[in-house]
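**Q** Sequence plus predicted model, see below.
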Amino acid sequence: MMRINESPLMKKQDVVMVPGGANALSCVAPSADKPCVDAGDVRINLHTGLVALHSLFLREHNRIAKFLVDRSPAGPTDEMAFQVTRKIVSAMLQHMAFKELLPLILGKKIYNDPRNGLALKENGFANSYGSDVDATVMVEFAAAAFRLHTLSGNELPLLMDNGTETPFFLHFFNPNMWYKEGVLDKLIAGMARKRAQQFDADFSFVFQNQMYKAMDKPMGFDQLAVNIQRGRDHGLPTYPQMRKLCGLPPINDVSDLQRATSAQNAASLTSVYSHIDDTDFYAGGISEKPVNNEGLCGPTFACVLTEQFRRLKMGDRFFYENDNVLTPEQLTEIRRVSLASIMCLNSPIDKLQARVLEAESPTNPVMSCKDILARSSVRLEPFLQKMM
Ligand code: HEM
């Protein structure tokens, strides 16, 4: 659907964004020149931030495919160029998720604990595949623990317009926003520079009041309530049951709840649940103190996330560190990639902090893209071998 017939390239629109598509998910007032967009998942149409990120990786795909076609002396078939490009981008995504995202969410202690099998190797192949590992997505993960919605704020930051931000709800299913000139690039820049909201039980106003809001209506859905209800729809264990399944200290009474969350959160939870045993997994999990005082989430969400990402890695025969996927030279190159380098290469951004998922700080200063690319861009020459 996303590929141009048999070509190595992906479909795109003039501003180099994902292609237009059918009116999926009922976009607001789509028109012939501003249609809904297509991606692997129709939910891309939910908001402009998703359109921007998908478009960023589409640009990276087409950049690599063009390089491979232009630079291969033997002239690869289009199929070969497409498949090799797909493999490179998939490996990059795996590397960035494990290297840049997981240590932040879980903290370094959990990430580096060898029993969890999450930490990537610095050199050589990993061969972590286990044919008995179930790599499907756990319901506790999708319906609760990975719903990190507490991190999102009320606005989408459109940088380069003097830091202008637009209310999040204006972007829901709204092609009129994402076709505005330069908006995707401004968003890529803005999302890189804007701090996330604190990870806690406080959700932004938009998430609690304006999810799916129609332009002519004052209110929309409460995403926090949807998340809790979704857990019930899927029959998730309760919060105390999940603590037990994870081998964490049990929650039997209010003082246990206070220790795991805070006095204030425990008071909130006990004011709405008539019995502690009824506490929904999402409500309890989102209220916990950060795991080991260093992760973003608490220990019960961390338990589910750790198990899920361990399975995604060890249950994947084609995880990029395995010895049947890349050559040693190619693997060395993939290990250089960073999300900042992808942003520098595929947008007009000229400066950024190197660890782009973390806020700018004295140890993570904003630097020129030239410097970022010198340390973290992937040399594509080793991938030409496969082309011949
Ligand atoms: C940035 C703004 C975001 C918006 C507006 C948003 C909105 C939504 C909505 C409306 C749903 C469907 C809920 C349902 O009906 O069950 C959803 C699901 C979900 N969201 Fe988000 N979300 C955002 C960011 C995030 C982030 C940062 C994460 C964490 C990585 C995340 C993780 C998830 C997950 C795991 C699901 C369940 C998906 C599934 O079951 O297939 N979301 N989100």
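**A** Alright, I've got the coordinates.

**Q** Just want to check the distance between Ser255 and Lys289.
**A** Here Ser255 is placed at a distance of 14 Å from Lys289 (Cβ to Cβ, to the nearest Å). C-beta coordinates here come from the backbone N, C-alpha and C atoms, glycine included.

**Q** Also Pro382?
**A** Per Cβ to Cβ, Pro382 is found 45 Å from Lys289.

**Q** mind checking how far stretch 70-77 is from the chain centre?
**A** Chain-centre distance of stretch 70-77: 33 Å, with Cα atoms, centre = their mean, to the nearest Å.

**Q** can you pull the buried residues of it?
**A** Ser72, Pro76 (16 or more other Cβ atoms under 10 Å).

**Q** export that stretch as CSV, just CAs?
**A** Output of stretch 70-77 as CSV, limited to C-alpha atoms (Å, rounded to 0.1, in the frame of the first residue of the first chain):
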residue,chain,number,x,y,z
ASP,A,70,22.6,5.4,-7.4
ARG,A,71,25.7,3.9,-5.9
SER,A,72,25.4,0.2,-6.7
PRO,A,73,27.7,-0.5,-9.6
ALA,A,74,25.8,-3.7,-10.5
GLY,A,75,22.5,-1.8,-10.4
PRO,A,76,20.3,-3.7,-7.9
THR,A,77,16.8,-4.8,-8.8
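
**Q** What residues does the stretch 1-150 of the chain have near the ligand?
**A** Proximity of the stretch 1-150 of the chain to the ligand (Cβ under 6 Å from any ligand atom) is limited to residues Leu46, His47, Gly49, Ala142, Phe146, Arg147, Leu148, His149.

**Q** tally of neighbours for the spatially closest residue to the fifth one that is not a sequence neighbour?
**A** Taking Cβ to Cβ, 6 or more residues apart in numbering as the measure, Phe146 lies nearest to Leu305, with 6.5 Å between them; neighbours along the chain are not counted. Other residues near Leu305 number 25, with proximity taken as other Cβ atoms under 10 Å.

**Q** same deal with Arg243?
**A** Count around Arg243 with other Cβ under 10 Å applied: 24.

**Q** for the one 10 residues further on, same thing?
**A** The number of residues packed near Asp253 is 11, by other Cβ under 10 Å.

**Q** now swap in Gln198 and tell me
**A** Gln198 is flanked by 10 other residues according to other Cβ under 10 Å.

**Q** Nearest residue to it in space, please, no chain neighbours.
**A** Closest residue to Gln198 apart from its sequence neighbours, by Cβ to Cβ, 6+ apart: Thr150 at 7.5 Å.

**Q** Could you identify the helix or strand that succeeds the host helix or strand of the residue nearest to Phe146?
**A** For Leu305, the host element (DSSP states H and E) is helix 299-314. The element immediately downstream of helix 299-314 (helix or strand, assigned by DSSP H and E) is helix 328-334.

**Q** What strand or helix carries Lys289?
**A** Assigned by DSSP H and E, Lys289 falls within no helix or strand.

**Q** so who does it touch?
**A** Neighbouring residues of Lys289 by Cβ atoms under 8 Å, 6 or more residues apart in numbering: Ala260, Thr261, Ser262, Gly298.

**Q** How about Met215?
**A** Met215 is in contact with Val28, Leu170, counting by Cβ under 8 Å, 6+ apart.

**Q** 7 Å instead, please
**A** Met215 makes contact with Val28, according to Cβ atoms under 7 Å, 6 or more residues apart in numbering.

**Q** And for Pro19?
**A** Contacts of Pro19 were listed using Cβ under 7 Å, 6+ apart, and they are Lys11, Lys12, Gln13, Val37, Asp38.

**Q** got the contact list for the third one?
**A** Contacts here follow Cβ under 7 Å, 6+ apart; on that basis Gln13 touches Pro19, Gly20.

**Q** and with 6 Å instead?
**A** Contacts for Gln13 (Cβ atoms under 6 Å, 6 or more residues apart in numbering) come out as none.

**Q** thinking again about what came up before, out of the contacts of Lys289, which are inside helices?
**A** Using DSSP state H to define helices, the subset of these located there is Ala260.

**Q** can you name the two of the contacts of Lys289 that are farthest apart?
**A** Taking Cβ to Cβ, the two most distant members of the contacts of Lys289 are Ser262 and Gly298; they sit 10.7 Å apart.

**Q** Counting neighbours, go ahead and name the busier of these two.
**A** Neighbour count, other Cβ under 10 Å: between Ser262 and Gly298, Gly298 has more, with 22 against 16.
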